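Asks: the sequence and its predicted three-dimensional model are supplied below.
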Amino acid sequence: MVNAEQPPDPVRALEFKEKGNKCFQAGDYQGAEGFYTQAISHDPTNPLLYTNRAMALLKLSHYESVISDSLTALSLHPNNMKAHFQLAQAQIALHHEKDALESAKKAYELCMEEVMHGGKGATSLGPIMELVRRCRKEVWEGRERERTRTEKGLLGELVRDLEDRRDVEVQRLEGESAGEIQIEEVRQEYEGKIESLRGVFHRAGEVPRRRVPDWCIDDITFAVMDDPVVTKTGQSYDRSSIMEHLKRSPTDPLTREPLHVSDLRPNLALREACEEFLEENGWAVDW
Amino acid sequence: MAFATKRLGKELTKLHGSLPPGIELVSAEGFEEWLLDIKVLDANPLYLNQTYRLKFKFSPSYPIEPPEVTFVNTKDRPIPMHPHIYSNGIICLDLLGSQGWTPIQNVESICMSLQSMLTGNTKNERPEGDQLFVANNRRRPRDIDFYYHDNTV
């Protein structure tokens, strides 16, 4: 990628990056993209330049380019939280729900690690979690659409089969010069079969009563937990909401005894249960 | 903002679904101010056959921050007599203060706490210095440091 006539020059690259940042802040994303591109040409191995350009490209809705820049950034720095986050945003915009969910989850994991180790990133946690939820819902919706489509197709096929059999039967009877009443009986028999087949499919497709079980609800946001952590009282909360609370008051919400971020423990079994519940009940992401 | 509206939206769904006895939702337009009516369910003569109106004001960071809850005085809705309730409707209850609040409280649980605060009361009186407080207070309830001098009430 390095131009032969242009040896790497990280200092000039940073100058262009600064110009790009200024444009970005002023809302000139086109201009920002141009400067970041120049920065990259001077220093093609700095992952930060790719994530910055991806940020501008995201604003410009150039999703394919966001994906390629994010992937380049990740090849240079595999644990780049921002790159995973931007990748997820572009993937969901292009309706690659499953890939988007994977990328968003990875971004969440990296962001959480950073926060738990005292790093910054606490402000990104909310938006990333928001994206994880959105991806999860879209994955579920895609699967539901697929299921309805397949079932509709199957029903049509079975109805046509029954109609064909009815026609064969009727033709046979007509060939044998059977009476009008006998033929009508056959017609009605198949009419009944088709009717009850539709009934069966209809009942199977009915949405079950939508109820979110209490065990997966976070008592602070009332939403389904994505990353439950447990306190010493045994009560679990979603990590993002209990952290929000601890910022204001380092106390256990149940007992008001002192509680610190370092006291929180992931509740892995509950996390799996919540994830499984959401996989089956995508609507509950924002019930 | 999203934090409060999402949680309040869910609370509202639940409140529309079912409410404990003696609690009624009067209005919940938007996510800034709700009105609820409460009744005391036992035969406490102080509150017999009375309905009281509560006003909830939510900040964008609810439920991390407590809501501001006061009794409001309207036609047929007096301010209940209680040694922790000022005659202007301001309530002195630790769970509504910055110190006592916890985000697992919610509109329903607050209403129930207030019901039981009234149920358990036998004193037909206002807090000490009620007249002075009502005349002079310009602060918002959550900014007032109440002195919980009598925790037996």
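Replies: Sure thing, it's come through.
Asks: what about residue 14, how many residues nearby?
Replies: Chain wasn't specified; assuming chain A. Using other CB atoms under 10 Å in any protein chain shown, the number of residues around A:Leu14 comes to 16. C-beta coordinates here come from the backbone N, C-alpha and C atoms, glycine included.
Asks: um, chain B though
Replies: Burial of B:Lys14 is recorded as 14 neighbouring residues (other CB under 10 Å).
Asks: would you mind giving both backbone torsions of it?
Replies: The phi/psi pair for B:Lys14 (degrees, to the nearest 10) reads phi -70, psi -40.
Asks: for the spatially most central residue of chain B, give its distance to A:Glu113.
Replies: In chain B, the residue lying closest to the centroid (CA atoms, centre = their mean) is B:Val69, at 4.2 Å. As judged by CB to CB, to the nearest Å, B:Val69 and A:Glu113 stand 39 Å apart.
Asks: residue boundaries of the helices in chain B?
Replies: Secondary structure of chain B (DSSP state H): helices located at B:2-17, B:107-119, B:130-136.
Asks: buried ones in the shortest one, by neighbour count?
Replies: Judged by neighbour count (16 or more other CB atoms under 10 Å in any protein chain shown), helix B:130-136 contains these buried residues: B:Asp130, B:Phe133.
Asks: list of residues touching that helix?
Replies: Here helix B:130-136 makes contact (CB atoms under 8 Å, 6 or more residues apart in numbering or on different chains) with B:Tyr86, B:Ser87, B:Asn88, B:Ile90, B:Pro127.
Asks: for those residues, which one is nearest chain A?
Replies: Of all these, chain A sits closest to B:Ile90, with 22.5 Å by CB to the nearest CB.
Asks: you'd agree that closest one is up against B:Thr70?
Replies: Yes - taking contacts as CB atoms under 8 Å, B:Ile90 lies within contact range of B:Thr70: 5.7 Å.
Asks: the more surrounded of those two?
Replies: Looking at B:Ile90 and B:Thr70 with other CB under 10 Å, you find the greater number of neighbours at B:Ile90, namely 24 against 20.
Asks: distance of that one relative to B:Ile38?
Replies: The gap separating B:Ile90 from B:Ile38 is 16 Å, by CB to CB.
Asks: next: A:Glu33.
Replies: The gap separating A:Glu33 from B:Ile38 is 59 Å, by CB to CB.
Asks: hang on, the earlier thing: which one of the helices of chain B is the most hemmed in?
Replies: Most buried of the helices of chain B, by mean neighbour count (mean count of other CB atoms under 10 Å in any protein chain shown): helix B:107-119, with a mean of 19.
Asks: check residue 145 and give its pLDDT.
Replies: Went with chain A since none was named. Model confidence at A:Arg145, given as pLDDT, is 86.
Asks: ah, no, chain B please
Replies: Here the pLDDT value assigned to B:Asp145 is 62.
Asks: repeat that for the one 3 residues further on.
Replies: The model reports B:Tyr148 with a pLDDT of 52.
Asks: can you check B:Ser98 too?
Replies: What the model reports for B:Ser98 is a pLDDT of 84.
Asks: do the same with B:Val40
Replies: In this prediction, B:Val40 carries a pLDDT score of 93.
Asks: ditto for the one 5 residues further on
Replies: Per-residue pLDDT puts B:Pro45 at 92.
Asks: repeat that for B:Asp130.
Replies: 89.
Asks: repeat that for B:Leu15.
Replies: What the model reports for B:Leu15 is a pLDDT of 90.
Asks: if we can go back for a sec, anything in contact with each of B:Ile90 and B:Thr70?
Replies: For the pair B:Ile90 and B:Thr70, residues contacting each of them under the criterion CB under 8 Å, 6+ apart are B:Pro141.
Asks: got the residue ranges for the strands in the chain?
Replies: Answering for chain A, as no chain was given. Counting by DSSP state E, chain A has these strands, from start to end: A:228-230, A:236-238, A:265-266.
Asks: sorry, should have said chain B
Replies: Taking DSSP E as the criterion, chain B contains strands spanning B:23-29, B:33-39, B:51-57, B:68-72.
Asks: low-confidence ranges, chain B, go.
Replies: Of all residues in chain B, those with pLDDT under 70 make up the ranges B:1-2, B:142-153.
Asks: same question, the stretch 101-250 of chain A
Replies: The stretch 101-250 of chain A contains residues with pLDDT under 70 at A:207-209.
Asks: up against chain B, what does it have?
Replies: Remark: the part of the stretch 101-250 of chain A in contact with chain B comprises A:Asp219, A:Ile220, A:Thr221, A:Phe222, A:Ala223, A:Ser241, A:Glu244, A:His245, A:Lys247, A:Arg248, A:Ser249, using CB under 8 Å from any CB of the partner chain.
Asks: could you report the neighbour count for the fifth one?
Replies: By that I understand A:Ala223. The burial count for A:Ala223: 22, using other CB under 10 Å.
Asks: what about A:Pro266, distance to A:Met225?
Replies: Counting by CB to CB, the gap from A:Pro266 to A:Met225 is 11 Å.
Asks: neighbour-wise, which of those two wins?
Replies: Comparing A:Pro266 with A:Met225 by other CB under 10 Å, the one with more neighbours is A:Met225, at 27 against 15.
Asks: how far away is that one from chain B?
Replies: When CB to the nearest CB, to the nearest Å is applied, the distance between A:Met225 and chain B equals 14 Å.
Asks: contacts only, for that residue.
Replies: Residues touching A:Met225, when contacts are defined by CB under 8 Å, 6+ apart, comprise A:Cys216, A:Ile217, A:Asp218, A:Ser236, A:Tyr237, A:Asp238, A:Leu270, A:Arg271, A:Cys274.
Asks: farthest-separated two in those?
Replies: Of all pairs drawn from the contacts of A:Met225, the one with the longest distance (CB to CB) is A:Ile217 and A:Arg271, at 13.9 Å.
Asks: quick check: mean pLDDT across stretch A:75-90?
Replies: So the average pLDDT for stretch A:75-90 ends up being 95.
Asks: list the buried residues of it.
Replies: For stretch A:75-90, the neighbour count (16+ other CB under 10 Å) marks A:76-77, A:80-90 as buried.
Asks: next one: that stretch to chain centre, how far?
Replies: Mean-position distance between stretch A:75-90 and its chain equals 15 Å (CA atoms, centre = their mean, to the nearest Å).
Asks: partner residues bridging the residue nearest to the centre of chain B?
Replies: Assessed by DSSP bridges, B:Val69 has beta-bridge partners B:Phe56.
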